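Engineer: Structure, please.
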Amino acid sequence: MVLEGVTIILLEGDGRTDSLRGLSSTEVHSVVGWRDFYFRRYKFVGRLVGRYYDSAGNPTKYLKGAEAKAARGAQLMEKQKEMEAKQPSCNSRWSQDDGREVWCDNGVPRLVQRPLEIALTGKMSKRCACYNEDQLGEPGLEVYSGCDYLAKRCRV
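Structural biologist: Residues are numbered from 1 along each chain as shown. Below is the predicted model of the structure:
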């Protein structure tokens, strides 16, 4: 059964909410991406009245704010992708017998903080990237514990 022109009113309570407050810009970007997929994939049958759409189906200031935050998330994700493309990632493998190992075909493996990660997710993370010897003086590079300074392979 398909209901045409139905208006649904979202009621909050029991831990349910339509608020995106507290989500990072990339998380909001994911929600907006889901919404865009939903609009493309499914037939329109009604409206959801609440924080993001009024009773006439018009966007509210909250939706516009969420879309702006999602756009910032997309920009930050693209910027991080560009930054990480400049410095190749390490190769890695794991086995139960040997544990984890990282290595670089060119350069040496270093842990480096993702500077945009706090803006993206609210948390700081690191990644393994390959650096040439002349780049090892750059700030924020961390040698893996137990690994020689110029080693191309490290057990971690």
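
Engineer: Next SSE downstream of the helix ranked longest in the chain?
Structural biologist: Criterion DSSP state H: the longest helix present in the chain is helix 61-86. Using DSSP states H and E, the helix or strand that follows helix 61-86 in sequence is strand 91-95.

Engineer: Just the angle for whichever helix or strand comes after that following strand relative to strand 91-95, thanks.
Structural biologist: Going down the chain from strand 91-95, the next helix or strand is strand 99-103, by DSSP H and E. Interaxial angle of strand 99-103 relative to strand 91-95 (axes from the mean of the first three to the mean of the last three Cα atoms, to 10 degrees): 160 degrees.

Engineer: Other residues contacting the helix or strand following strand 99-103?
Structural biologist: The element immediately downstream of strand 99-103 (helix or strand, assigned by DSSP H and E) is strand 108-113. Defining contact as Cβ atoms under 8 Å, 6 or more residues apart in numbering, one finds that strand 108-113 is touched by 87, 90, 102-103, 124-131, 133, 136, 140-144, 147, 149-154. In this view, the C-beta of every residue, glycine as well, is placed from N, C-alpha and C.

Engineer: how about the longest helix of the chain: buried residues?
Structural biologist: 62, 63, 66, 67, 69, 70, 72, 73, 74, 76, 80 (16 or more other Cβ atoms under 10 Å).

Engineer: Output those residues as TSV; include the columns pLDDT and distance to residue 97.
Structural biologist: Listed next are those as TSV, based on pLDDT from 0 to 100; distance: Cβ to Cβ, whole Å:
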residue	pLDDT	distance to residue 97
62	92	53
63	91	53
66	90	48
67	91	50
69	88	46
70	89	44
72	86	45
73	83	41
74	87	42
76	83	39
80	77	34
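
Engineer: Residue 16: which of these is nearest?
Structural biologist: Closest approach to residue 16 among the buried residues of helix 61-86 (Cβ to Cβ): residue 62, at 16.4 Å.

Engineer: Excluding sequence neighbours, find me the nearest residue to the closest one.
Structural biologist: residue 51 (4.8 Å; Cβ to Cβ, 6 or more residues apart in numbering).

Engineer: In a helix, residue 47, correct?
Structural biologist: No. Counting by DSSP: H, G, I helix; E, B strand; the rest coil, one finds residue 47 to be strand, located in no helix.

Engineer: Distance-wise, check the closest residue to it other than its chain neighbours relative to residue 67.
Structural biologist: Distances taken as Cβ to Cβ, 6+ apart place residue 57 nearest to residue 47, at 4.4 Å, with adjacent residues excluded. Noted for residue 57: a distance of 16 Å to residue 67, by Cβ to Cβ, to the nearest Å.
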